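Participant: sequence first, predicted model second:
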Amino acid sequence: MKLTLWTYEGPPHVGAMRVATGMKGLHYVLHAPQGDTYADLLFTMIERRNHRPPVTYTTFQARDLGGDTANLFKDAARDAYARFKPQAMIVGASCTAELIQDDPGGLAAAIGLPCPIIPLDLPSYQRKENFGADETFHQIVRALAKPMPRTANITCNILGATALGFRHRDDVAEVTKLLGLMGIAVNVAAPLGASPADIARMGQAHFNVLLYPETGESAARSLERSCGQPWTKVVPLGVGATRDFLHEVAAITGLSPSVDESSLRLPWWSASVDSTYLTGKRVFIFGDATHVIAAARIAATEIGFEVVGMGCYNREFARPMRAAAKAYGLEALITDDYLEVEDAIAAAAPELILGTQQERHIGKRLGIPCAVISSPVHVQDFPARYSPQMGFEGANVIFDTWIHPLVMGLEEHLLTMFREDFEFHDAAGASHHGVKAQARAEDQPAAPSDADTLVEAADASGGGISAKRMPDAAVSVTTSGAAVWHPAAERELKKIPFFVRGKAKRNTEAYASEQGVAEITVETLYEAKAHYAR
Amino acid sequence: MSLDAPDRGCREAPVLKERGQREVFCGLTGIIWLHRKMQDAFFLVVGSRTCAHLLQSAAGVMIFAEPRFGTAILEEKDLAGLADANTELDREVARLLARRPDIKQLFLVGSCPSEVIKLDLHRAAERLSAAHSPHVRVYNFSGSGIETTFTQGEDACLAAMVPTLAKTDARELLVVGALPDVVEDQCLSLLAQLGVGPVRMLPARRSSDLPAVGANTVFALVQPFLGDTHAALIRRGATHLPASFPFGDEGTTAWLWAVAQAFGVTRAHFDAVTAAPRARAQKAIAAHAATLSGKSVFFFPDSQLEIPLARFLARECGMTPIEVGTPYLHTAIVGPDLDLLPEGPTISEGQDVERQLDRQHAASPDLTVCGLGLANPLEAMGHTTKWAIELVFTPVHFYEQAGDLAGLFSRPLRRKALLAANQPPSPIPSPQGGGAAPSPLVGEGWGGGAPRLAPGGQP
């Protein structure tokens, strides 16, 4: 039993729904009680889908449990076939039905429906949403895709995009365009947009492009075994990764990786002098492993940020995640507990968070700007405009998306220069964050903002929750060592911009303890600054 | 507006009882407003990842730093008997209460999986209550989808509290049902002006304000879905004041008059107190009735508010209900509303969503009230919809909200007219085709933010 206040991933049958809802001509008969129908609104509201998800819920009730829930399932499957006439059906159980052990696969096979029936075995009490999507797609491919002659021209399948995926719709379009530049046509993109009949002809493609390992890797491996199709390992997120991807495709196909890059703007936008202020900005990255690993590479090598923390919520990818983090001298945070993520962010005191919708909210609470790079999604993650993350246009979109939440270059200078100014004080915040600036009475001393009170309180308690609930307003005595802050030094500390103040405070205290200094003066502060100067 | 019943109401109308796929939430959803209403309560669902996902998807819990509800997720080892579920539960509760000293009431909430494995949360609540008394009182109720539909979760919660309420012989009015704080204050103010009192509320905002109950207690329901709570209060000897529900001018007046009569208020005094707010309500409703009058409306079952709302739309807004679907029909509770609802509509109980959609398509109503899973698909087919959950998550009771209530129904119609007037018709793009359907009024809400107004009144 594990107490959970919020979860990054839903149950595995929601993953199966993401596959079924992304596809056409497929129907999912789910043995489940009425409450599970909440999942429909994820698709109709968050993604604004104009059709109901193709899911029939058997809606068993308490009074059915002693009786015949198996017949209820059979009737629901029969009625669903009669009404929707799908090309194929997937059948399975949600968490409650798993407990009553009705065997939906066997029941559906027994009624002899005139379409392929694909049983799903998704252990609800062990696995989560991404596993459910990956396994469902894998079972569909295993059941329907057979070896067949290759197409005359070089074609590929694109694997892994689902309903409710973070920018999947536009990524598929952008990668299709990218492959087109190399002269490669797409045979089938699946699950998103494909029908069971399309799955059946996947064997025609020469190779597979895996866009989302979280939801498509098992299918890629299955197709490699059954149809002899190699698959791409590089996910084209960012400029470097997109070029690596083109080379990987070139190695598979023998085609040239040189394509027209005239639409790619990120490198120049990043090199232009206006972007100088981005240098070394401290960034914390959290989300699904694929997006986080790619984002770290973009941040470090294409925008010039410093990655100060990274991690993922999907434990299945802990190994590549740890390896990637090690390259930045970091220990990866592998957790699905958002309170742990919040503590890690507070401790790292980054200037920018790249995360999920949960980290966006953590950022709001801590006063740190955030750009969203990964599922879980929110209605805002389905923009009306074309907005891919992958390929060249994806790189352009990423540059804009990550930079816009930051304090702009000149504004940052003004905030620093006029730190004690009645308009440019901490509490006023940056003008573009949508909070009305509060002018402070001119004779009132600067007070620490909530954000750094939180940071400092979290530091003091080692990141405990209770400390954050009761922040200590007076931070005159350090807690991490013997050194005491002189009031003048404390005042000086408050002149340091709030987004680096936590770091400056910790560095100064570490320096003081190293030097055996009992009282931190203004001089100690600046000696520490010089000591840690980069 | 007259309080006279129509020649024939719907109390004797045949009920279409349906059984099939339902498109409704389970009772766990009630936690979303109950935890805002009871400010020192924590709701601990004992369930699966699905329960946790439902709650966060329906509530958008990311707005809270640390919400006062959570899910103790059952794992493989709990089910395989490798771990003693009760020991695990005791440990999680002890950790939770240690971290949240502000919690005075803890609700253990049963779910589908906990009911199926027959985890005895009633005994667990007694055990934990003894262990953590007097600081924390532990209750239990089931919000499982195999037993409860949406608002029945609140009913189960309040019904679980009734047997534990202190005994009193005082003649008091008990107002039963969670109301947004702003509406509760208006209700109390009206009752005070009428000279009705003392008045107690269930649920109370804090555990220290919990009411007592006894043979001299008279109670009035402000929500129609409180069947079990109604029965539990009668078992405690309290007397129910049946009335139509306080939606709109007419419903509010009838509800208040039922209470006033029980407390000996004269008609003259009643009229003096209610005249001004009634006039305001009528004026506010009239502004929306212009849009609604003559239009037809079709209710899919959702919150059990359907019968009283259909009565309001038919009698105060001039609409014609075609079908009024409700998850359950408690005639003893919504009887006064059924009497006032003019005969004509199909009254349906339960649901087979596919068959009901067939009926809805055939009827092609001007406005369809339905859940979030159906709203956009129906809009894409050209229907105008009102999502039902907003009726539960918005202050809609009593005089001052009567206009807002009418506005919830008129806005989709006005919006459709606006968009039709300003845009050439175009096909609706599919989500994977690179576009979005015409915007349903989705704010920050679904999947991230919360409904704009939580029933506790907090934004």
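Facilitator: It's in. If you're wondering where the values come from, they're calculated on a predicted model, not measured in any experiment.

Participant: flag every residue of the stretch 101-250 of chain A that's near chain B.
Facilitator: A:123-126, A:128, A:163, A:169-170, A:172-173, A:192-193 (C-beta under 8 Å from any C-beta of the partner chain). For every residue, glycine as well, the C-beta is placed using N, CA and C.

Participant: from those residues, pick the one nearest B:Ala406.
Facilitator: Taking C-beta to C-beta as the measure, B:Ala406 lies nearest A:Ala163 of these, at 36.3 Å.

Participant: contacts only, for the closest one.
Facilitator: A:Ala163 makes contact with A:17-19, A:21-22, A:43, A:47, A:49, A:53, A:192, B:431, according to C-beta atoms under 8 Å, 6 or more residues apart in numbering or on different chains.

Participant: and with 10 Å instead?
Facilitator: By C-beta atoms under 10 Å, 6 or more residues apart in numbering or on different chains, A:Ala163 lies in contact with A:17-23, A:42-43, A:47, A:49, A:53, A:133, A:169, A:191-193, B:431-432.

Participant: for B:Ala178, helix, strand, or coil?
Facilitator: The three-state assignment at B:Ala178 reads coil, by DSSP: H, G, I helix; E, B strand; the rest coil.

Participant: for chain B, what is the nearest residue in chain A?
Facilitator: Each residue of chain A has a distance to chain B, by C-beta to the nearest C-beta, and the smallest belongs to A:Gly35, at 2.6 Å.

Participant: in chain B, what secondary structure element scores lowest on mean pLDDT?
Facilitator: Sorted by mean pLDDT, DSSP states H and E, the helices and strands of chain B end with helix B:76-79, the least confident at a mean of 86.

Participant: residues touching that one, excluding its own?
Facilitator: So helix B:76-79 is contacted by A:1-2, A:98-99, A:123-127, B:46, B:72, B:82-85, B:88-89, B:113-114, B:116-117, B:119 (C-beta under 10 Å, 6+ apart).

Participant: hmm, try it at 6 Å
Facilitator: The contact list for helix B:76-79, computed with C-beta atoms under 6 Å, 6 or more residues apart in numbering or on different chains, reads A:1, A:125-126, B:83, B:85.

Participant: circling back to that earlier point, please list only the buried members of the contacts of A:Ala163.
Facilitator: For the contacts of A:Ala163, a burial check counting by 16 or more other C-beta atoms under 10 Å in any protein chain shown picks out A:17-23, A:42-43, A:47, A:49, A:53, A:133, A:169, A:191-193, B:431-432.

Participant: strands - which of those residues land there?
Facilitator: Under the assignment DSSP state E, those contribute A:Pro191 to strands.

Participant: identify the residues contacting B:Leu191.
Facilitator: B:Val199.

Participant: pLDDT wise, what is it at?
Facilitator: Per-residue pLDDT puts B:Leu191 at 98.

Participant: same question for A:Val455.
Facilitator: At A:Val455, the pLDDT value in this model is 34.

Participant: go on, the one 5 residues further on?
Facilitator: Looking at A:Ala460, its pLDDT is 34.

Participant: which SS state does B:Ala204 fall under?
Facilitator: Each residue gets one of three states, and B:Ala204 gets coil by three-state DSSP.

Participant: do you know how far the nearest residue to it once chain neighbours are set aside is from A:Leu181?
Facilitator: When the adjacent residues along the chain are set aside, B:Ala204 lies closest to B:Leu210, with 5.0 Å between them (C-beta to C-beta, 6 or more residues apart in numbering or on different chains). Separation of B:Leu210 from A:Leu181 (C-beta to C-beta, to the nearest Å): 70 Å.

Participant: the more surrounded of the two?
Facilitator: B:Leu210 (20 against 16; other C-beta atoms under 10 Å in any protein chain shown).

Participant: distance check, that one against chain A.
Facilitator: In this view, B:Leu210 and chain A are 26 Å apart by C-beta to the nearest C-beta, to the nearest Å.

Participant: what's that residue sitting at in phi/psi?
Facilitator: When quoted as degrees, to the nearest 10, the phi and psi of B:Leu210 stand at phi -60, psi 140.
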